[in-house]
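Student: quick one: sequence and predicted model below, then my questions.
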Amino acid sequence: MTDNPLLHRPQPLFIDGAWRAPEDSHPIAVVDPSSGQTLAEVAGAGPADVTAAVTAAHGAFPGWRRMPAGGRGAYLSAFAEGLRKRAPELVDLQMRNSGKPRAEAEIDVGDAVVTFDYYAGLANDLEAREGSPVALPDAGFQGKTRFEPLGVAAMIVPWNFPLVTSAWKIAPALAAGCTIVLKTSEYTPLIELAYGDMALEAGLPPGVLNLLTGAGVTGAAMTRDPRVGKLSFTGSNAVGSKVMAAAAARCIPVSLELGGKSPIVVFEDADLDLAADCVAAGIFFNCGQMCSATSRLLVHDRVAGELLDRLVERARALKVGSPFEEATEMGPQTTRPQYEKVLECFGRAKAEGAACLAGGEALQRGGGFFVAPTLYADVPLDSFLWHEEIFGPVLAARTFKNEAEAVELANDSAYGLVATVVSQDVARAERVAAQIEAGHIWINSPQVIFPQTAWGGFKASGIGRELGPWGLNAFLGVKHISLRRSGPP
């Protein structure tokens, strides 16, 4: 695809059902991480544009919340169809701006489609939940519950999975009856703007969905607007703490999906081919730029040598390059700052004397942000490699001798997002999974995510859950009605 229409956005703000240019433009360069060259330029929103977007969402809320939930679900189905229709352009844009290999970009678009389809179904079911009876101990009273939308939802999404993380927020919020102001990442600002095209195509009421480009100043203005009733953020812990502080200042609900330093535990009875598949996918998919990356490998000492040999072979054989090159398996880091951070980590690891079995260096690929798939062994427990989220294809490995030690090491983290356990003894795998402090755990599987499953973590990995019915509930408040009966029970 030589010319993608999604790259051209002279009016990049979607506010109150119409495209417009920012009142006070803040230029953003859209970069191809495979070359380091600018793909396009887009204007970023300023504070006045944020005010306009929140005003539109606030004005649209009363009508949207009153619409029957089944009617809202029909709009979600239209968004799913819009994504399907635009799939070639969306995949191409993910490859160009995010550096994702084609297979990964196609997974992203598919995930967004099924998310809208899923919440269209939940919206249809929401009406049946209204007025749900609650048994009370006094027969003279009748109890009922209603589920009310929280109002204007301000959303800030990251650059590592654009389109996907936004679908996880937009779909349940619209199903719940909330209106939305969403800011795209300044590094991948274009792909979510396709939702504005779909809104117009579907006839979504003006003001229900508003889309802003912009950097941190734009997001900060969104979080401070007193008309916002819910904050939803996915990204780093450093920024997440600021979003949480803004929510705390007004005591409003907040959802935070933050970082991770997740373990993958491989027992001595594991199928080592399967284990190698799970380990490689957990750290090299999306070039390791996943909050859910299983970046800490815990392997039983009886099979450690054999598994590490397989992983070294895989890391060295992995084809790294532009997503438009045939057979590319891993693309570049998506942003220059992230690329520089990973290179800094390589330098720190070398200074620590870390045992690097593979990688640990930049790759020269036409000026792009490429790094080698990297594996460190025998990583000390006090090393930054063990505790800090790197957000790159960097694996830290240690051995363990028994189940208790494996659990202890798995939980040796400030984070608690995900984990993987590989063992042919399913009872043991489930026993270990029950003890690991994480929000989602896979057993004998790569990281397959279904919209029906919960997503979120414990400890410093965030607050709340996305996906599943929990994602819908995140945008709903519970209202209880207690009715005193006028006559005999």
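Tutor: Done, it's in.
Student: what helices or strands is the helix or strand containing residue 56 leaning on?
Tutor: Residue 56 is part of helix 47-66, with elements assigned from DSSP states H and E. With contacts taken as 3 or more Cβ pairs under 8 Å, 6 or more residues apart in numbering; DSSP states H and E, helix 47-66 sits against strand 13-15, strand 141-149, strand 152-156, strand 179-183, strand 209-212, helix 216-224. Quick note: C-beta positions are derived from backbone N, CA and C, even for glycine.
Student: dump these into JSON lines; add mean neighbour count and mean pLDDT as well.
Tutor: Shown next, in JSON lines, are the helices and strands packed on helix 47-66 (neighbours: other Cβ atoms under 10 Å; pLDDT from 0 to 100):
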{"stretch": "strand 13-15", "mean neighbour count": "26", "mean pLDDT": "98"}
{"stretch": "strand 141-149", "mean neighbour count": "16", "mean pLDDT": "95"}
{"stretch": "strand 152-156", "mean neighbour count": "29", "mean pLDDT": "98"}
{"stretch": "strand 179-183", "mean neighbour count": "27", "mean pLDDT": "98"}
{"stretch": "strand 209-212", "mean neighbour count": "29", "mean pLDDT": "98"}
{"stretch": "helix 216-224", "mean neighbour count": "20", "mean pLDDT": "96"}
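Student: which one, of these, ends up nearest to residue 335?
Tutor: Among the helices and strands packed on helix 47-66, the nearest to residue 335 by Cβ to Cβ is helix 216-224 (14.1 Å).
Student: list the contacts of the next helix or strand along the chain from the closest one.
Tutor: Moving toward the C-terminus from helix 216-224, the next helix or strand (DSSP H and E) is strand 228-234. With Cβ atoms under 8 Å, 6 or more residues apart in numbering as the test, strand 228-234 has contacts from 54, 150-158, 165, 169, 173, 178, 181, 222-223, 239-240, 243, 246-247, 252-258, 291, 474-475.
Student: care to break the chain down by domain?
Tutor: 5-258+462-479, 263-450 (automatic domain parsing).
Student: let me have the ones you listed in TSV, extended by distance to residue 456.
Tutor: As requested, the domains of the chain are exported to TSV (distance: least, Cβ to Cβ, whole Å):
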stretch	distance to residue 456
domain 5-258+462-479	4
domain 263-450	5
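Student: and residue 485, which of those is closest to it?
Tutor: domain 5-258+462-479 (5.4 Å).
Student: start and end of the closest one, how far apart?
Tutor: 45 Å (Cα to Cα, to the nearest Å).
Student: ok, now how distant is residue 65 from residue 226?
Tutor: Using Cβ to Cβ, to the nearest Å, we find residue 65 at a distance of 19 Å from residue 226.
Student: check contacts around the residue positioned nearest the centre of the chain.
Tutor: For the chain, the residue nearest the mean C-alpha position is residue 165 (4.2 Å; Cα atoms, centre = their mean). Neighbour list for residue 165: 157, 158, 234, 257 [criterion: Cβ under 8 Å, 6+ apart].
Student: ok, so of the residues you listed, who is nearest residue 394?
Tutor: residue 158 (18.8 Å).
Student: my guess is the closest one meets residue 185, correct?
Tutor: Yes. Under the criterion of Cβ atoms under 8 Å, residue 158 makes contact with residue 185 at 5.7 Å.
Student: which of the two has more residues huddled nearby?
Tutor: Taking neighbours as other Cβ atoms under 10 Å, residue 158 and residue 185 compare with residue 185 leading, 28 against 22.
Student: which SS class is that one?
Tutor: coil (DSSP: H, G, I helix; E, B strand; the rest coil).
Student: surely it touches residue 159?
Tutor: Yes. Residue 185 lies in contact with residue 159 (Cβ under 8 Å); the separation is 3.8 Å.
Student: need the longest helix for this protein.
Tutor: Longest helix in the chain, counting residues (DSSP state H): helix 102-129.
Student: elements contacting that one?
Tutor: helix 69-85, helix 87-93, strand 141-149, helix 164-176, helix 468-473.
Student: now the shortest one: buried residues?
Tutor: Buried residues in helix 468-473, counted by 16 or more other Cβ atoms under 10 Å: 468, 469, 471, 472, 473.
Student: okay, the angle between whichever strand or helix holds residue 480 and strand 141-149?
Tutor: Using DSSP H and E, residue 480 sits in strand 476-484. Computed by axes from the mean of the first three to the mean of the last three Cα atoms, to 10 degrees, the angle separating strand 476-484 from strand 141-149 equals 160 degrees.
Student: strand 476-484: partners in the sheet, and parallel or antiparallel?
Tutor: strand 141-149 (antiparallel) (DSSP bridges).
Student: show me where pLDDT drops low in the chain?
Tutor: For the chain, residues meeting the criterion pLDDT under 70 lie at 1-2, 487-489.
Student: all helices in the stretch 201-350 of the chain, in order from the N-terminus.
Tutor: Secondary structure of the stretch 201-350 of the chain (DSSP state H, counting those that start in this stretch): helices located at 216-224, 237-250, 272-284, 304-317, 336-352.
Student: mind putting those in a markdown table, distance to residue 105 included?
Tutor: As requested, the helices of the stretch 201-350 of the chain are arranged in a markdown table below (distance: least, Cβ to Cβ, whole Å):
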| stretch | distance to residue 105 |
| --- | --- |
| helix 216-224 | 25 |
| helix 237-250 | 25 |
| helix 272-284 | 16 |
| helix 304-317 | 22 |
| helix 336-352 | 18 |
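Student: follow-up on the earlier one: need the contact partners of the strand holding residue 480.
Tutor: 134, 136, 140-150, 176, 253.
Student: which of these sits closest to residue 439?
Tutor: For the contacts of strand 476-484, the nearest to residue 439 is residue 253 (18.5 Å; Cβ to Cβ).
Student: could you find the closest non-adjacent residue to the closest one?
Tutor: Once flanking residues are discounted, residue 253 sits nearest to residue 230: 5.1 Å by Cβ to Cβ, 6 or more residues apart in numbering.
Student: distance of that neighbour from residue 126?
Tutor: Residue 230 is 17 Å from residue 126, by Cβ to Cβ.
Student: then residue 363?
Tutor: For residue 363, the distance to residue 126 equals 49 Å [Cβ to Cβ].
Student: neighbour count: those two, which is higher?
Tutor: residue 126 (22 against 15).
Student: so what's that one up against?
Tutor: Residue 126 touches 69, 147, 175, 176, 472, counting by Cβ under 8 Å, 6+ apart.
Student: make it 7 Å
Tutor: 69, 147, 175 (Cβ atoms under 7 Å, 6 or more residues apart in numbering).
Student: any chance of those in JSON lines with distance to residue 6 as columns?
Tutor: Converted to JSON lines, these look like this (distance: Cβ to Cβ, whole Å):
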{"residue": "69", "distance to residue 6": "31"}
{"residue": "147", "distance to residue 6": "36"}
{"residue": "175", "distance to residue 6": "25"}
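Student: what's the closest of the residues you listed to residue 281?
Tutor: Of those, the one sitting nearest to residue 281 (Cβ to Cβ) turns out to be residue 175, at 30.8 Å.
Student: quick one, what contacts the closest one?
Tutor: 72, 73, 76, 119, 122, 123, 126, 472.
Student: excluding chain neighbours, what is closest to it?
Tutor: Nearest to residue 175 is residue 123, by Cβ to Cβ, 6+ apart, at 3.8 Å.
Student: is it true that the one you found touches residue 68?
Tutor: No. Contact criterion Cβ atoms under 7 Å: residue 123 and residue 68 do not qualify, at 9.3 Å.
Student: who has more neighbours, the two?
Tutor: Per other Cβ under 10 Å, whichever of residue 123 and residue 68 has more neighbours is residue 123, with 26 against 13.
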